[in-house]
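Q: Only the shape, not the letters, is given here:
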């Protein structure tokens, strides 16, 4: 039987008074948040973790409260990073109090936070779930000593690579999946370590890190980043995060045209579910980049063609596949050492509401590979209807 | 002072009992619809016209109830015409009971219904308002004898041309604005005349009509229409309406790629107000047309480029205009014989919530020309913000 998270209730013996006090909320407010599932309890062995499904007070969505029998810790969520549409004015306005900015790569994978939980590493996703696959990978990829020596630090990073069940990317010269640190933050207040301190620590403990492109003065940053972005785009990479070296001011992000278009390409494969705002925002970025970079007619034509192809080619392919009797699916693959994680991960995805098919596990060396198909009924059904003569609306 | 329709109330002495009885509603339901402004009263000399702002029972949005001192007439709205995504299956499924379909041009202008009202022609827009400009044009363009001889018939058609304050198009070899009949319907039940009968009548009274491309057997229709659409596209024209010759089955529409792209071009000029669904639906049409027409690689590339250009060129132009200190506006022009219609039309647009600037009237022959600027603050302000360093969200 498939259990769906939406049908589950909070069934907790958390001490409401103490938890509320820790979060600086009134007990009645905290109870209400639990009742309304704005704070939701995790399940099974992680049932003393509570994730914030909404932004509450100054606590971001995806933040997680850990209840250690009445003593509490808070792991803050991933702060929303706002986007520059025009690099130069955005850098000047956002970092007007700084003399420099640090530029690091924004990788295309999925965000997880790693922490030590009862003596083992666990991986919290962006939403604050404990992902069994990411957890198993983290346990194999990361040096646990760091977390024992710095128990008050949570490591924020990107899981990226081709064996990535969420965002499959072959662009990083990674065989399977790897973890790249981009942030370290204190528990409870969520304060971030300065960039250089974080990089030194990560290096010391052998963590892979997102690439750093340098520290630039404010006046030169936009033109430097333009060149970085063009190079990243040529390799199909996503973009950059522009940071205050001290991590006091909020970072901003900026992405390559190739990455915007790759997002569209994936979205239009499943055109009937494609979020309208998701599409629109990516398209608008292209317009601003073209304007800021003052592109030649030839460059503009290239960009127009790239944009058009990223929309029409995947859609046409999906239509033709359904015409040929197939159904549209999203294929991915995972690789684990611990075989029981496969079933755990399948239950986990189903609990979150996904319709997935797992292939039988194949043993390769000391690991198991499983192919995963996420079935996409909406686009398949809509296309099939149109092929049978259905009208649009 | 500018009066806005949203602030106005229904202040009517309509006989609720009789009106409700005519519409086959209960008096309390009819009163409720008036109270909730789901049926709204027109203003000034047309205050005995009531338009349906929503679909109610089987009465379409935009339908208009006329109250002649307790005797009533209903002018049905424009029935929503559904869209074929793939021509061949859509024609077969929609017209399976027919042996032929008639194909007429779908012009790109705005829809109005013309009827005789107290001895003069008036023009009702799609929403059911009495447009002063369209009314003045209809009075100059149409032979009133028809309406006297057929008082129970309403003429449905397209106002198209360059001097069109709603959808300005230079594609039809029209100097100013002209009216093209595409439908004749009976008052009250809204039943449509068969195509040939309607065309004969229109011709007899000297009305211009939308072009008819022919009557085709069901099996040949899709390939005939493909060629028609390609020719229309080459001229920048919009598309076709595919009709049951007897007008019993509902018509369906189908448009050219060039017209879909022209819509996008206009929408992206005002990118910050562009409706996400408006954009999405036009893009999806392109994918299906490309798939159905089984295009060569070269044709597909042309389509991708056309799509990309229709999105990025107007956006980039708007950004550059704001960078140069301008504000984005939509320019149009009207031409009237009766000078007082200029002020009436301006009040009308303002009442509907538009922010417009009218140039002084210039006399040309026996007519007056006025240039109209619709100010688009949203896109101008958003762009200016980004130029000053604002982030996207």
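A: The structure has been received and is ready for your questions. Predicted model, so just to flag it, every value in this text is computed and none were measured.

Q: ok, now which ones touch residue A:392?
A: Contact partners of residue A:392, counting by C-beta atoms under 8 Å, 6 or more residues apart in numbering or on different chains, are A:386, B:82, B:83, B:84, B:85, B:281, B:284, B:285. For every residue, glycine as well, the C-beta is placed using N, CA and C.

Q: Mind giving me the packing neighbours of the helix or strand encompassing the third one?
A: It refers to residue B:83. Residue B:83 is part of strand B:82-83, with elements assigned from DSSP states H and E. In terms of contacts (3 or more C-beta pairs under 8 Å, 6 or more residues apart in numbering or on different chains; DSSP states H and E), strand B:82-83 is packed against strand B:252-255.

Q: The strand holding residue B:83 pairs with which strands, parallel or anti?
A: Paired neighbours of strand B:82-83 in the sheet (DSSP bridges): strand B:252-255 (parallel).

Q: What is the distance between the partner strand and the centre of its chain?
A: Taking C-alpha atoms, centre = their mean, to the nearest Å, one finds the center of strand B:252-255 at 15 Å from the center of the full chain.

Q: Mind listing residues that contact that strand?
A: Counting by C-beta under 8 Å, 6+ apart, A:391, B:81-84, B:87, B:90-91, B:94, B:106, B:225, B:229, B:238-242, B:285 sit against strand B:252-255.

Q: same deal with stretch A:317-328?
A: The contact list for stretch A:317-328, computed with C-beta under 8 Å, 6+ apart, reads A:268-271, A:375-377, A:379-380, A:383-384, A:387, B:287-288, B:291.

Q: Ok, stretch A:45-53 next?
A: A:12, A:14, A:34, A:37-42, A:59-68, A:77, A:117, A:122, A:124, A:127-130.

Q: Out of the residues you listed, which end up buried?
A: By neighbour count, with 16 or more other C-beta atoms under 10 Å in any protein chain shown, the contacts of stretch A:45-53 hold A:14, A:34, A:39-42, A:59-67, A:77, A:117, A:122, A:124, A:127-130 as buried.

Q: And chain B, is stretch A:283-302 touching that?
A: Yes. Counting by C-beta under 8 Å from any C-beta of the partner chain, chain B has neighbours in stretch A:283-302: A:283, A:284, A:285, A:286, A:287, A:288, A:290, A:291, A:300, A:301.

Q: which residue sits closest to the first one, ignoring its sequence neighbours?
A: Leaving out its chain neighbours, the residue that sits closest to residue A:283 by C-beta to C-beta, 6 or more residues apart in numbering or on different chains is residue B:311, at 5.8 Å.

Q: Give me the mean pLDDT for the helix or strand in which that neighbour is found.
A: Per DSSP H and E, residue B:311 falls inside helix B:297-323. What helix B:297-323 shows for mean pLDDT is 97.

Q: any idea of the angle it forms with helix A:297-323?
A: 130 degrees (axes from the mean of the first three to the mean of the last three C-alpha atoms, to 10 degrees).

Q: Now do the buried residues in helix B:297-323.
A: B:300-301, B:303-319, B:321-322.

Q: Strands of the stretch 151-300 of chain A, residue ranges please.
A: All strands of the stretch 151-300 of chain A, identified by DSSP state E, counting those that start in this stretch, fall at A:153-160, A:178-186, A:212-217, A:239-243, A:252-255.

Q: quick one on the thing from earlier: sitting in strands, which of the buried ones among the contacts of stretch A:45-53 do you find?
A: Among the buried ones among the contacts of stretch A:45-53, the members falling in strands (DSSP state E) are A:39, A:40, A:41, A:64, A:65, A:66, A:67, A:117, A:122, A:124.

Q: Secondary structure of residue A:101: a strand, I assume?
A: Yes. Assessed with DSSP: H, G, I helix; E, B strand; the rest coil, residue A:101 lies in a strand.

Q: and it, bridged to which residues?
A: Assigned bridge partners for residue A:101, using DSSP bridges, are residue A:216.

Q: Now do the contacts for it.
A: A:91, A:95, A:215, A:216, A:218, A:221, A:242, A:243, A:244, A:245.

Q: Quick check: the second one touching residue A:216?
A: No. Contact status for residue A:95 versus residue A:216: not in contact, 10.4 Å apart, counting by C-beta atoms under 8 Å.

Q: how near is residue A:147 to chain B?
A: 34 Å (C-beta to the nearest C-beta, to the nearest Å).

Q: Is that residue within a helix or a strand, and which one?
A: Judged by DSSP H and E, residue A:147 forms part of helix A:145-149.

Q: Report all helices and strands that that helix contacts.
A: strand A:110-117, strand A:153-160.

Q: Who are the contact partners of the residue nearest to residue A:283?
A: Here residue B:311 is in contact with A:283, A:286, A:287, A:304, A:307, B:264, B:265, B:268 (C-beta under 8 Å, 6+ apart).

Q: same deal with residue A:63?
A: A:51, A:52, A:74, A:75, A:76, A:77, A:128, A:190.

Q: and of those residues, the nearest to residue A:154?
A: residue A:75 (5.3 Å; C-beta to C-beta).

Q: still on that earlier bit, any bit of the following helix or strand past the strand holding residue B:83 sitting next to chain A?
A: Counting by DSSP H and E, the element after strand B:82-83 in chain order, helix or strand, is helix B:87-94. Yes. Contact of helix B:87-94 with chain A (C-beta under 8 Å from any C-beta) involves B:89, B:90, B:91, B:92, B:93, B:94.

Q: Which one (most neighbours) among those?
A: Within the residues of helix B:87-94 next to chain A, most neighbours by other C-beta atoms under 10 Å in any protein chain shown means residue B:90, with 25 neighbours.

Q: residues touching it, list them.
A: Residue B:90 neighbours (C-beta under 8 Å, 6+ apart): A:386, A:389, A:390, A:391, B:84, B:252, B:254.

Q: now with 10 Å?
A: A:386, A:388-392, B:82-84, B:222, B:242, B:252-254, B:292 (C-beta atoms under 10 Å, 6 or more residues apart in numbering or on different chains).

Q: Would you point out the most distant pair within these?
A: A:388 and B:253 (18.8 Å).

Q: between those two, which one's more packed in?
A: The neighbour comparison of residue A:388 against residue B:253 (other C-beta under 10 Å) goes to residue B:253, with 18 against 12.

Q: residues in contact with the residue nearest to the more buried one when sequence neighbours are not counted?
A: Excluding the flanking residues, the one nearest residue B:253 by C-beta to C-beta, 6+ apart is residue B:81, at 4.9 Å. Residue B:81 makes contact with A:391, B:106, B:241, B:242, B:243, B:250, B:251, B:252, B:253 under the criterion C-beta under 10 Å, 6+ apart.

Q: Okay, and the beta partners of the last one?
A: For residue B:253, the beta-bridge assignment (DSSP bridges) gives partners residue B:83, residue B:241.

Q: one step back: any idea which of the helices and strands packed on helix A:145-149 is most buried?
A: strand A:153-160 (a mean of 24; mean count of other C-beta atoms under 10 Å in any protein chain shown).

Q: angle of that strand against strand A:110-117?
A: 140 degrees.

Q: Show me what strand A:153-160 is packed against.
A: Under the contact definition 3 or more C-beta pairs under 10 Å, 6 or more residues apart in numbering or on different chains; DSSP states H and E, strand A:153-160 sits against strand A:71-75, strand A:110-117, strand A:120-125, helix A:132-141, helix A:145-149, strand A:178-186, helix A:195-204.
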